[in-house]
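# compute the structure for the input listed below.
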Amino acid sequence: MLENQLSRWGSVSKVLERVGPYSKVFFVGDSDDTGFVDFVNEFPPDKDGVVRVYSSMFDSTMLANARAGRGDVIMVMPGHLESISADQAINVKGLKLIGLGEGDERPRIQYDSAAASISLDTGGIHLENFRLIASVTAVTLGIDVVGDGCVVKKCSLEFDSNGDDFAIGMTVSGNRGTIEENEILGEDTVGPTHGIQLSSSNYTKVRRNYIIGQFSNAGISDTAASQGLLIGENFISNQDTASSITISLTTTSRGIVYNNRMATS
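The predicted structure is shown next:
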């Protein structure tokens with residue numbers, strides 16, 4: 001049967017209910033996985049000649065084929081694993097990157113250098129359901145949210161052995177961001193400084209995150225004044241006996257802090 005864009009939209013809209021009928025959907029998986037190879041055969045280039053299946057969620061050709069403001073989606077297969085050693089910048093406005101799978105079967109991004117990071121550099125980018133794993137000591141930054149209106153949801157920032165960690169789990173300098181239902185899981189050792197660090201991030205919502213580790217600064221902090229913040233329903237455990245700060249905001253920040261559960265050592 002001749003393929004058309006609407007038939008493709010019907011197949012993915014069951015998973016992504018808000019995907020637009022004119023959006024392009026790309027798929028990422030492990031090229032050496034037999035099942036994924038079979039899947040690739042089911043999705044040849046589309047009617048525009050655009051390849052739809054890739055082996056990296058940061059593939060430059062795929063990102064070049066994604067169009068700003070069209071609502072394009074990258075769906076990453078369960079169990080996918082790739083490593084990064086430098087900053088991976090996402091610059092496509094409104095792009096969604098969705099990891100498929102639950103628990104440990106969520107796609108994994110392994111940070112193999114202290115300079116590795118993921119940057120959401122423009123507006124409306126949505127990053128959801130990934131495991132981000134520090135594989136070296138003191139990864140400088142896990143996720144850098146620069147664009148306005150970005151969403152980071154249901155991601156886990158983890159470590160793969162004692163002594164490996166994210167110095168800063170996430171920074172948010174864009175406005176109107178949504179940071180919710182993430183996990184920042186640090187071991188009880190010296191290394192991490194901030195869990196989530198805000199900086200002039202106005203009207204940003206930080207909700208229902210689980211943050212644990214030995215943070216020399218705080219679990220959630222604001223290094224430059226932010227207005228209209230909403231920080232609530234987070235679970236924060238700072239195991240740093242010298243600091244023991246869970247939430248730290250500048251005196252000129254404004255907003256609502258509500259119903260957080262906090263513990264210190």
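
# any stretches of the stretch 151-265 of the chain with poor pLDDT?
Counting by pLDDT under 70, the stretch 151-265 of the chain contains low-confidence ranges at 188-190.

# the same query, at a cut-off of 80, please.
187-191, 241-243, 265 (pLDDT under 80).

# which stretches of the stretch 1-150 of the chain form strands?
Ranges of strands within the stretch 1-150 of the chain are 25-28, 53-54, 73-76, 81-84, 87-90, 96-99, 108-111, 117-120, 126-128, 131-134, 139-145, based on DSSP state E, counting those that start in this stretch.

# how about those in JSON lines, adding distance to Thr178, mean neighbour count and mean pLDDT?
Bear in mind the C-beta positions are built from the backbone N, C-alpha and C, glycine included. What follows is the strands of the stretch 1-150 of the chain, written out as JSON lines (distance: least, CB to CB, whole Å; neighbours: other CB atoms under 10 Å; pLDDT from 0 to 100):
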{"stretch": "strand 25-28", "distance to Thr178": "22", "mean neighbour count": "23", "mean pLDDT": "92"}
{"stretch": "strand 53-54", "distance to Thr178": "27", "mean neighbour count": "20", "mean pLDDT": "92"}
{"stretch": "strand 73-76", "distance to Thr178": "17", "mean neighbour count": "23", "mean pLDDT": "94"}
{"stretch": "strand 81-84", "distance to Thr178": "24", "mean neighbour count": "15", "mean pLDDT": "96"}
{"stretch": "strand 87-90", "distance to Thr178": "16", "mean neighbour count": "17", "mean pLDDT": "97"}
{"stretch": "strand 96-99", "distance to Thr178": "13", "mean neighbour count": "23", "mean pLDDT": "96"}
{"stretch": "strand 108-111", "distance to Thr178": "20", "mean neighbour count": "22", "mean pLDDT": "97"}
{"stretch": "strand 117-120", "distance to Thr178": "12", "mean neighbour count": "23", "mean pLDDT": "98"}
{"stretch": "strand 126-128", "distance to Thr178": "9", "mean neighbour count": "20", "mean pLDDT": "97"}
{"stretch": "strand 131-134", "distance to Thr178": "18", "mean neighbour count": "24", "mean pLDDT": "97"}
{"stretch": "strand 139-145", "distance to Thr178": "10", "mean neighbour count": "23", "mean pLDDT": "97"}
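
# any chance of the ones you listed in a markdown table, plus distance to Thr251?
Shown next, in a markdown table, are the strands of the stretch 1-150 of the chain (distance: least, CB to CB, whole Å):
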| stretch | distance to Thr251 |
| --- | --- |
| strand 25-28 | 44 |
| strand 53-54 | 47 |
| strand 73-76 | 41 |
| strand 81-84 | 37 |
| strand 87-90 | 32 |
| strand 96-99 | 36 |
| strand 108-111 | 34 |
| strand 117-120 | 28 |
| strand 126-128 | 31 |
| strand 131-134 | 32 |
| strand 139-145 | 24 |
